[in-house]
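Asker: A structural model of the following input is requested.
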Amino acid sequence: MTFTELKKFITEDMSMSHIYQPVMLIELLKQNGKASVKDIAQAILNHDPTQVDYYSEIVKNMVGKVLTKNRGITEKEKDTYLLGSGSKWLVDLSHFTARLCSTTVMKFSTIGKNIKAVLNIISIDVTSIFVS
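Answerer: Down below sits the predicted model:
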């Protein structure tokens with residue numbers, strides 16, 4: 001495809017129901033014409049404020065509530081979360097603590113993948129378990 005053809009596609013022919021196509025092209029251009037699916041997906045996510053809004057609600061209504069009200073690990077001031085005032089040691093050990101959290105995320109992700117694989121092997125529709 002020539003530059004002129006691509007320019008025409010972008011400026012005249014591209015059907016836009018979302019930002020996906022131009023963001024994918026931008027990511028490919030930024031990476032010298034080659035980008036992984038994950039890189040492109042991340043670029044789209046970075047340009048999608050609806051996802052930020054969605055996860056902001058999860059932080060406020062679920063995660064933040066558990067860590068703040070239920071566990072007392074964090075505190076909240078307006079739209080900002082802070083490690084609790086009694087958690088100075090946590091900041092001092094932030095690298096170690098972050099590693100513990102990363103390991104926990106990795107274990108959870110691995111378990112989730114394994115559960116899906118087992119359910120697929122025994123022919124259970126995973127979505128039917130979670131959708132009522």
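
Asker: Quick one: classify Met16 as helix, strand or coil.
Answerer: coil (DSSP: H, G, I helix; E, B strand; the rest coil).

Asker: Kindly apply the preceding question to Tyr81 instead.
Answerer: strand.

Asker: Please look at it and Val66 and confirm they touch.
Answerer: No: using C-beta atoms under 8 Å, Tyr81 makes no contact with Val66, being 11.6 Å away. C-beta: built from backbone N, CA, C; applies to glycine.

Asker: So for the two, which residue has more residues nearby?
Answerer: Using other C-beta atoms under 10 Å as the criterion, Tyr81 and Val66 rank with Tyr81 on top: 16 against 12.

Asker: Show the contacting residues for that one.
Answerer: By C-beta atoms under 8 Å, 6 or more residues apart in numbering, the contact list for Tyr81 reads 59, 64, 67-68, 74-75.

Asker: The same query, at a cut-off of 7 Å, please.
Answerer: Contacts for Tyr81 (C-beta atoms under 7 Å, 6 or more residues apart in numbering) come out as 64, 74.

Asker: Next one, pLDDT for it please.
Answerer: pLDDT for Tyr81: 88.
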